[in-house]
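Peer 1: Here's my sequence, what's the structure:
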Amino acid sequence: MYYLLILAVGLERIVELVLSNRNAQWSFAQGAREFGRPHYVVMVVIHSALLVGCVVEPLALHRPFLPWLGWPMLAVAALSQVLRWWCIGTLGRRWNTRVIVLPEAPLVRRGPYRFLHHPNYVAVVAEGFALPLIHTAWLTAATFTVANAILLSVRIRVENSALGYT
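Peer 2: The predicted structure follows:
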C-alpha cells in the first residue's frame, strides 16, 4: 500500500506541474515576470529524489512499517496535502511552482496567507519529513530535509525579494 501512496503523490505532482504550466502561461500573458529560475531545476531534482528515495530505501534496506511511527506520519503527510491544496486554491491562477509575479498585483492575504507569507513551504517541509517516515525511510527523510532547507533558504529569499517583502 505504501508504494501506491508514493505513486499517488507522484501523480499528484504531475497534476501540479500541468496546473503550474497553465497558470504560468496565463501569468505571462498578463505581463508577469519570473524570478530565480536557476534554482528551479535543483528543486525538481530534490523533490523527484524524495519520491525515489521513498521507494528505494524501504526496498533496498528492508525498512519495516512501524505502526507507532507510520500511522502518525501518514496523518502528517495527509494534512500537508490539505494545506498544499488550500494554498493552491487560495492563489488560484497566481499559484505556480516557479516564482512568477504579476506586476502591481496586490499580495494575497486570505486563506493560509493570513497567517504566513509562505504556508506552502510548511506543507513541503512536513510532507518531505513525513512521507518517507511512513515506511521508516529515515535516510531519505533526513537527506531531503537538509537539502530542502538549503533550497528554501534560497527560494524564500528570491520570493521575498520578488514580492517586495524585503
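
Peer 1: what sits against residue 139?
Peer 2: 53, 57, 61 (Cβ atoms under 8 Å, 6 or more residues apart in numbering). Yep, even glycine has a C-beta here, placed from its N, CA and C like the rest.

Peer 1: mind running it again at 7 Å?
Peer 2: Going by Cβ atoms under 7 Å, 6 or more residues apart in numbering, residue 139 touches residue 57.

Peer 1: any idea how far it is from residue 49?
Peer 2: Applying Cβ to Cβ, to the nearest Å, the value for residue 139 to residue 49 is 12 Å.

Peer 1: so residue 31 makes contact with residue 103?
Peer 2: Yes. Counting by Cβ atoms under 7 Å, residue 103 is a contact partner of residue 31 at 5.9 Å.

Peer 1: Now the longest helix along the chain: buried residues?
Peer 2: Ranked by residue count and defined by DSSP state H, the top helix of the chain is helix 2-29. Using 16 or more other Cβ atoms under 10 Å as the burial criterion, the residues of helix 2-29 that qualify are 2, 5, 6, 9, 13, 16, 20, 23, 24, 26, 27.

Peer 1: same question, stretch 42-53
Peer 2: 43, 46, 47, 50, 51, 53.

Peer 1: average model confidence for it?
Peer 2: Average pLDDT, stretch 42-53: 97.

Peer 1: Quick one: distance of that stretch to the chain centre.
Peer 2: 10 Å (Cα atoms, centre = their mean, to the nearest Å).

Peer 1: Could you export that stretch as PDB, CA atoms only?
Peer 2: Output of stretch 42-53 as PDB, limited to C-alpha atoms (Å, rounded to 0.1, in the frame of the first residue of the first chain):
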ATOM      1  CA  VAL A  42      17.500  21.900  -8.300                       C
ATOM      2  CA  MET A  43      14.100  22.000  -6.700                       C
ATOM      3  CA  VAL A  44      12.700  19.500  -9.300                       C
ATOM      4  CA  VAL A  45      15.700  17.200  -8.700                       C
ATOM      5  CA  ILE A  46      15.400  17.300  -4.900                       C
ATOM      6  CA  HIS A  47      11.600  16.600  -5.000                       C
ATOM      7  CA  SER A  48      12.000  13.800  -7.500                       C
ATOM      8  CA  ALA A  49      14.700  12.300  -5.400                       C
ATOM      9  CA  LEU A  50      12.400  12.300  -2.400                       C
ATOM     10  CA  LEU A  51       9.900  10.100  -4.200                       C
ATOM     11  CA  VAL A  52      12.600   7.800  -5.500                       C
ATOM     12  CA  GLY A  53      14.100   7.500  -2.000                       C
END
